[in-house]
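A.B. asks: sequence first, predicted coordinates after that:
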Amino acid sequence: MPASSFTRRHFLANTAALATAAALPRFAFASAPPSKYTGDQALHILMQGNARFVSGKLLHPGRKPEDFRPLAAGQTPLAAVLGCADSRVPPEILFDQGIGDIFTVRVAGNYANGAGASVNGSLEYGVAELNVPLVLVLGHTECGAVKAAIAHLHDDELPADIKDLVADIKPAVAASTGTSKQLLADAIRNNVQRSVAYLTTQDEILSERVKAGKLKIAGGVYDLATGKVMLLT
């Protein structure tokens with residue numbers, strides 16, 4: 001085959017591919033059906049579930065294999081929750097939700113700013129592919145990651161990757177006031193609010209959904225002692 005013919009053929013093929021790509025939506029996701037809930041409705045459902053959890057009147061005790069089988073072909077969660085990796089803060093339980101109801105992303109310190117693709121990309125997947133109408137950033141009292149950021153605010157003595165993780169939480173501590181328990185509570189709230197602000201304005205996929213009125217991003221703090229989730233404004 002002459003070189004000129006090979007070049008021309010590939011030029012035409014590449015031109016056609018570019019034209020096809022230009023005709024596609026900017027983000028070619030959303031294979032799941034649209035959610036039947038708005039962000040406000042999804043948040044209300046979660047808070048109703050938390051009230052049941054606090055009162056001990058749970059509706060979703062099922063954790064057997066047969067409870068999972070109906071979801072083998074797909075999932076349609078009503079919300080994504082960015083929560084802490086802390087073993088005491090499982091979103092599905094404290095919001096009394098069933099199998100497949102929450103798309104959960106967990107990392108120590110429940111932070112988005114600087115968390116990277118593994119965290120933020122997971123949230124983007126939940127929004128763009130699964131059409132969740134709500135992203136809830138959930139902090140909790142007595143958070144160990146925030147305590148570490150307070151204790152090491154002015155040094156870098158923590159080992160390995162723990163140092164980098166805590167460094168991303170330090171700005172929330174630096175913006176906080178008070179002493180002892182009040183400082184911790186303030187930093188925990190600030191840490192949640194910084195993540196909410198970041199996801200709402202800086203994350204391209206999420207911010208576009210927020211602007212279009214298709215996504216709500218909220219923040220809350222779970223109280224380990226009472227079981228209650230307090231929403232932040």
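C.D. replies: Received the coordinates, thanks.

A.B. asks: quick check: Leu153 touching Ala174?
C.D. replies: Yes. Using Cβ atoms under 8 Å, Leu153 is in contact with Ala174, at 6.8 Å. No exception for glycine: its C-beta is placed from N, CA and C like everyone else's.

A.B. asks: and the nearest residue to Leu206 once chain neighbours are set aside, what pLDDT?
C.D. replies: Distances taken as Cβ to Cβ, 6 or more residues apart in numbering put Leu199 closest to Leu206, at 5.1 Å, once the chain neighbours are dropped. At Leu199, the model reports a pLDDT of 98.

A.B. asks: can you check Gln182 too?
C.D. replies: pLDDT recorded at Gln182 is 95.

A.B. asks: just Leu18 next, same as before
C.D. replies: So Leu18 comes in at 41 (pLDDT).

A.B. asks: these two touch, right, Val196 and Gly220?
C.D. replies: No. Using Cβ under 8 Å, Val196 makes no contact with Gly220, being 9.7 Å away.

A.B. asks: can you work out which residues contact both of these two?
C.D. replies: Val137, Leu232 (Cβ atoms under 8 Å, 6 or more residues apart in numbering).

A.B. asks: quick one, which of these two is more surrounded?
C.D. replies: Gly220 (23 against 20; other Cβ atoms under 10 Å).

A.B. asks: tell me the SS of that one?
C.D. replies: Under DSSP: H, G, I helix; E, B strand; the rest coil, Gly220 falls in the strand class.

A.B. asks: could you measure from it over to Glu142?
C.D. replies: 15 Å (Cβ to Cβ, to the nearest Å).

A.B. asks: and the residue nearest to Leu206, how far is that from Lys181?
C.D. replies: In this view, Leu199 and Lys181 are 28 Å apart by Cβ to Cβ.
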